[in-house]
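> make a model of this:
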Amino acid sequence: MAKKHARDETITSNSSGNTTTTSSTTTTSPTTPTKEKRSKNSNGNNSGNSNNISSSNPNILNGSVNSLNNSTNLFTTHQNNPVKNLKGFEDIGGGILRFEGSKEIDFIGSVKRVHSMMKDYLKKTPQYDYELLSQLFKCDLQLKLENLQLFGDIYVRNCFSILLSNYFNQVDDLGKEFRQIGGFVLVINPMDIESQPMVTGSILTALHLKMKCIIYVGPGNLPLSQITRLYMCHARGAKIIFHKGDVSSCYTRAWQHAKDMSMVFLDCKFIPHFSLLGAATIAHEMMEDSPDRETIIIPLRLYSQGWSYVSGISIFYKIMKPEIKIIVVQMTDDLFGKDIEGKEFSRQSLFPDRLEIGWLALIHDQSDLTNVFDAFDSRNQGKFSDKDLEALLISIGGDPTRNKSMCPKSSLSQTEFVHEVITEITNGLEQLEEKFSYFLPQFKMDNLINHKIIDQLVTATEDQASIAFIKCLEYTHTLTNGKGSIALGGLMSGNIHLRSDEKVLVMLSGGYVDVIDFQTILNYGLDITGQSFEIELDLPDNTTSLNKVLNVIGENKVSVMEVLMDRSCETLKQYHVRTSIQCHSRSFEQQFKIFDVIKSLGFKYSLRKSAILNKEESGFLSPPMIKPSSNLSVSQSININSSITNLPPPQQQPSTLGSSSSNAFNKFGNGSSASNTPPPQYKISPKPYHQQKRNIGDITVQSIREAHNRIKHIMTQPPIYHSTTYSKICGCKVTLMLENTQKTGSFKIRGSSNMVLRALEGAMSNTDERPVGLVAASAGNHAQGVALISAKVGLPCTIVCPEYAPDSKLSSTRQYGAEVIKKGKSLEEAVKLADEICKERNWTLVRPYNDVDVIEGQGTMGCDIYDKVPDVDTVVVNVGGGGMIAGIALFLKRINPNIRIIGVQSANVSPLSEFKQTNQFRYIEPAVLSLADGTNVKMPGGVHTQVLHDMVDEYVTVSENEIASTIVHLLYNSRTVSEGAGCLGLAALMHKKIKVRKDERVCVIICGGNIDMSTLRQVYEYGLRSLGRSFTIHLTTWDYPGTLSKIIGLAARAELKVREIRHIRGGGNINWNEVIISLSFYSNSFNHQNFFLTLLAQEGLFPKIVGRKYIKDNEVVYKIFDKSVDKKNKELKDTFSERQQLFLEQYGKQANVSLESKMN
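Model (predicted):
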């Protein structure tokens, strides 16, 4: 009897949990399988080095994998060994490692081998502790920010693993290191099924990494989705060869081509296997960074694609650490149900299942389906036909007689095109499950749970996922695609039970989200977290009543979005008007306070129905505060430099204090968020604290290095990486430093930590001089830094902030345990008040920038930049008080005086804009503010004023709209949130305020991410316009029936999405029978807008684009529309005489009396 093939077998478990396997030694790979040599140690465990790919090429890799830990094989004797359960790897050669003398795969060694080379090409994503989230979820919480991966998703690991594993399969024949290969060759057989977007993603990833790719296309009909993927690769630079022979000769020729050019032939037979290895590399990174984690929580999005990372991560951990708990969180179907009144409801999902083809757009803009459609629609008709598709196929080298294009309809609009592509890919995924039925079923959730690879499956609702989405923006300052953050939503569900000291690691898996989807999720998330509301009142029809209500709203620091008045409602009392007011708020508590006051004024109100969270969920909207551990020594509070572990502990704070403390509190104002909170109790020092006097000359390269070593356990290492996107936009080699992902969301933690820890170091020799409390004046970011370090070293803290300080920053500051006093029109006034508090209590003032220790701490950013980019030519720094740019300049300029240091300020608040030329600061009115609130400093400088003049090469400014557009652009392209002050440098570079060379290496610091979500929502509206995803037009036309229908008919032809329509009558420069129609649309691109605007122009309708002058390069952007307007106007002018003649001929003597005179 013929031996049964391994792929025909399924997992069969006996009563003890053991599995029976039968494997085949048949190998279909063109290369010889390689074995991983391993030896037995004295305990009988396998150990050894896994960096040997081939016995004949022991040094072929340009790097090595460390010897595997003995714990690698702890699971080999376990009854639920996941490796022994795995089937389908039997036919793979060198693409998988096996133990010496065994057919059992070395899964850990294989994963580590892939990772050892992957790390040189992909990002090592951050893995951070978040103190506030730990307090929120009552555990020791870390987050793995895989949403910051290259192209914003974990799937790039799968794609790159396919490239690497195929290389390992053929390394013996190639005889070259991976960096030396000629590229990749792929065969697309139209008659066969292949891993649709994953293979496309692999090719596009290789092209992005500057690797050559050749695609052979065999004979056969090409479906629309296949032509789409071919075009994506062609547009990025792949060479497409349409083979003239049959399928067999196509494979032969492609294989020979790969061999001749030392290229890797991509074998699609093992795509799922290699994807599994790539997905597991994230588990290797997570375990390396935090081997002490006890629970891993993984989000599961779309299972047809998410199986790889859920399975890969779980298997890796269960082999390395069998006792670890693996929890998977998936979205539950809560789109149908009953509301609190018992009425049935249904709604559209906030998180549509967008296939992997969506994030391919981040690899290259030509991979976006809307851009692909524009290429197919070469005649700019708003649709393309089968003839257009055939023409495009010919343009990339195709032969219609051998590769006929299969257009599902005679013509396709953009919506139909996207739908057809997604449908074909979805069907392809289902067929792939059939093709790999010998392999994929073992990774189904039920099977993973039955074999105890996954310990718990938890569901999260869309509301919980929406809150998690908002929390990721607020706490991590990073963007997820909604489903990528559902692991946090699972924690909110109450179905995951954790100990208070349990070490938990949560993965955020995806950062790609469509810009319109983002706005939808953001708006809904803010609604259900108490950050917006709509109130409806029946008011007397007079201005006084409305003024009373608006006064209540304004006094509670709530901004009004819109007020609508309805006098036609049937249920209204006489002389009343129904008034609807939409507002931005900070919390439900703030809303309830407003409602109570309005009710006390005698006005009846009702609220628009919105989601009501249960008690457990709403608890996550008001996180607990971190209490300073005053009884702990510094060495107990934080893990800091061993040189200061013998610091004396802070004195015990008494439970009752004298009247001077209460008087001080009453004098300066209550900083607590709750009105009934009693005044806090303070320790009053018997004598003023005297800091060690230092001058700016004490800051040296060595002292900044020492400061970096001092604070390295407090701060996190921010991502610093080359940005292909911004290099292309800005015309130079751009490196981004994402300091907005730093602890507390800003660089300020560096300076405050350095000052406080230096002060504590100084206390080693004199216990009386130890600080007893900290005071700081800040607009928010510095406040959080001081609050965090004070909590870690066990010192009480008071923060004074100006009235314009964002609530998001103040909320986080309170959560770190600090008292917050909001007072003063400017930062300078807040500094004066902070100084008074210091004198009253004899506490220590931690200045935001005018302090040598603080400047020295900020200078550690120069260390990070130089260590990561030693050949940097220019560093662009955002400037407020000047402490950051002074510290960076003091470090970098002394290492290399040729490095350019450029400071950027908001044009609204730019006291340094003329400093280099006039040697004087420019006066800024105290009332002037900017979106860049963190740099609203009217009087910068101090001890570092001379540094700002001598060591900074140039100061430039950017406008408010340039800042707003950059916030949104950065959000979409880096998947991180920046505040206004955080992205000034990038705004200057993008808007050509800085002259750069093409080969110039420019490092741009994104220094802060603490932006109010309500502000982000407002800024996002403008940002959509700047990206070409939204626009508003004003169209003046006759006020006739049918006019609007005609306009919307043209919008339907262009497939725009309508946002809002309004009619303006009786106002503006219009006649009584005219109307201004204001129409707002969502669009896919500026090209999409131009198509619609051109249709209007062709009909003789000439709209005005609202805010056009604020669109970057608007003359170029709307060039097509402008030409169509000129063409139509010229046509009307040129044909006027012709139309006049026809008119006269039609009406004869009635319209032309000159005819009668001629007859007479």
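> does residue 459 lie in a helix or a strand, and which?
Per DSSP states H and E: residue 459 is located in strand 456-460.
> could you say what helices and strands the helix or strand following that strand packs with?
Proceeding C-terminally, strand 456-460 gives way to helix 462-471 as the next helix or strand, assigned by DSSP H and E. Counting contacts by 3 or more Cβ pairs under 8 Å, 6 or more residues apart in numbering; DSSP states H and E, helix 462-471 is packed against helix 486-492, helix 515-528, helix 615-618. In this view, the C-beta of every residue, glycine as well, is placed from N, C-alpha and C.
> try 6 Å this time
Helices and strands in packing contact with helix 462-471 are listed as helix 486-492, helix 515-528; criterion 3 or more Cβ pairs under 6 Å, 6 or more residues apart in numbering; DSSP states H and E.
> hang on, the earlier thing: so for the strand holding residue 459, mean pLDDT?
Taken as a whole, strand 456-460 has an average pLDDT of 91.
> any idea of the angle that strand forms with helix 462-471?
For the pair strand 456-460 and helix 462-471, the angle between their directions (axes from the mean of the first three to the mean of the last three Cα atoms, to 10 degrees) equals 90 degrees.
> pLDDT score for the spatially closest residue to residue 1151 that is not a sequence neighbour?
With Cβ to Cβ, 6 or more residues apart in numbering as the criterion, residue 1151 has its nearest non-adjacent residue at 5.5 Å, and that residue is residue 1144. The confidence metric pLDDT takes the value 78 at residue 1144.
> and what of residue 811?
According to the per-residue confidence, residue 811 scores 79 in pLDDT.
> that one should be in a helix, yeah?
Yes. With DSSP: H, G, I helix; E, B strand; the rest coil as the criterion, residue 811 is assigned to a helix.
> how much space separates it from residue 791?
Distance of residue 811 to residue 791, computed by Cβ to Cβ, to the nearest Å: 15 Å.
> same thing with residue 934?
Residue 934 sits at a distance of 22 Å from residue 791 (criterion: Cβ to Cβ).
> neighbour-wise, which of these two wins?
residue 934 (32 against 24; other Cβ atoms under 10 Å).
> re the thing from before, can you put the helices and strands packed on helix 462-471 in a markdown table and add mean pLDDT and mean neighbour count?
A markdown table is the format used below for the helices and strands packed on helix 462-471 (pLDDT from 0 to 100; neighbours: other Cβ atoms under 10 Å):
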| stretch | mean pLDDT | mean neighbour count |
| --- | --- | --- |
| helix 486-492 | 89 | 29 |
| helix 515-528 | 84 | 19 |
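> distance to residue 551 added to those, as JSON lines?
Compiled in JSON lines, those are given as follows (distance: least, Cβ to Cβ, whole Å):
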{"stretch": "helix 486-492", "distance to residue 551": "37"}
{"stretch": "helix 515-528", "distance to residue 551": "24"}
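> and these: which comes nearest residue 450?
Ranking those by proximity to residue 450 (Cβ to Cβ) places helix 486-492 first, at 20.9 Å.
> contacting residues around that closest one?
The contact list for helix 486-492, computed with Cβ atoms under 6 Å, 6 or more residues apart in numbering, reads 137, 297, 299, 329, 331, 458, 460, 464-465, 468, 496, 506, 617, 620.
> nearest to residue 913, of those?
Sorting the contacts of helix 486-492 by how near they are to residue 913, with Cβ to Cβ, puts residue 468 at the top with 41.8 Å.
> which residues does the closest one contact?
Contacts for residue 468 (Cβ under 6 Å, 6+ apart) come out as 485, 488, 489.
> for the spatially most central residue of the chain, which non-adjacent residue is closest in space?
For the chain, residue 975 is the residue whose C-alpha lies nearest the centre (Cα atoms, centre = their mean; 2.0 Å). Nearest residue to residue 975, sequence neighbours excluded (Cβ to Cβ, 6+ apart): residue 511, at 3.5 Å.
> what sits against that neighbour?
Residue 511 makes contacts with 147, 152, 479, 480, 975, as judged by Cβ under 6 Å, 6+ apart.
> for ChimeraX, what selects the buried ones among the residues you listed?
Restricted to buried positions by 16 or more other Cβ atoms under 10 Å, the ChimeraX selection for the contacts of residue 511 reads:
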select :147,152,479,480,975
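> so how far is the longest helix seen in the chain off the chain centroid?
What stands out as the longest helix in the chain, according to DSSP state H, is helix 414-435. Average the C-alpha atoms of helix 414-435, do the same for its chain, and the two points are 27 Å apart (Cα atoms, centre = their mean, to the nearest Å).
> kindly report the same for stretch 462-480.
Relative to the centre of its chain, stretch 462-480 is centred 11 Å away, using Cα atoms, centre = their mean.
> tell me which residues are up against the strand holding residue 459.
When contacts are defined by Cβ under 6 Å, 6+ apart, strand 456-460 is touched by residues 327, 328, 329, 332, 486, 489, 490, 493, 495, 496.
> mark which of these are buried, thanks.
Once neighbours are counted (16+ other Cβ under 10 Å), the buried part of the contacts of strand 456-460 comes down to 327, 328, 329, 332, 486, 489, 490, 493, 496.
> doesn't the last one lie inside a helix?
No. Under the criterion used here (three-state DSSP), residue 496 is coil, not part of a helix.
> how much space separates it from residue 488?
Per Cβ to Cβ, residue 496 is found 11 Å from residue 488.
> likewise for residue 884?
Residue 884 sits at a distance of 31 Å from residue 488 (criterion: Cβ to Cβ).
> then residue 154?
Distance of residue 154 to residue 488, given as Cβ to Cβ: 16 Å.
> ok so residue 480 is a strand residue?
No. According to three-state DSSP, residue 480 belongs to no strand; its state is coil.
> any idea of the pLDDT on it?
For residue 480, the predicted pLDDT is 88.
> how about residue 752?
For residue 752, the predicted pLDDT is 91.
> again with residue 640
35.
> tally of neighbours for residue 179?
11.
> could you do residue 1138 as well?
Summarising burial for residue 1138: neighbours were counted as other Cβ under 10 Å, giving 9.
> with residue 771 instead?
By other Cβ under 10 Å, 23 other residues sit near residue 771.
> between the contacts of helix 486-492, which is nearest residue 718?
Of all the contacts of helix 486-492, residue 506 has the smallest distance to residue 718: 19.8 Å, by Cβ to Cβ.
> so that closest one sits in a strand?
Yes. In this structure, residue 506 lies within a strand as judged by three-state DSSP.
> tell me the bridge partners for it.
Listed by DSSP bridges, the beta-bridge partners for residue 506 are residue 143, residue 297.
> quick check: it touching residue 297?
Yes. The criterion here is Cβ atoms under 6 Å, and residue 506 meets it with residue 297 at 4.6 Å.
> show me where pLDDT drops low in the stretch 1001-1150 of the chain?
Judged against pLDDT under 70, the low-scoring parts of the stretch 1001-1150 of the chain cover residues 1068.
> quick one: the helices in it, in order.
When secondary structure is read from DSSP state H, counting those that start in this stretch, the stretch 1001-1150 of the chain shows helices at 1013-1026, 1043-1054, 1086-1098, 1114-1117, 1119-1134, 1136-1147.
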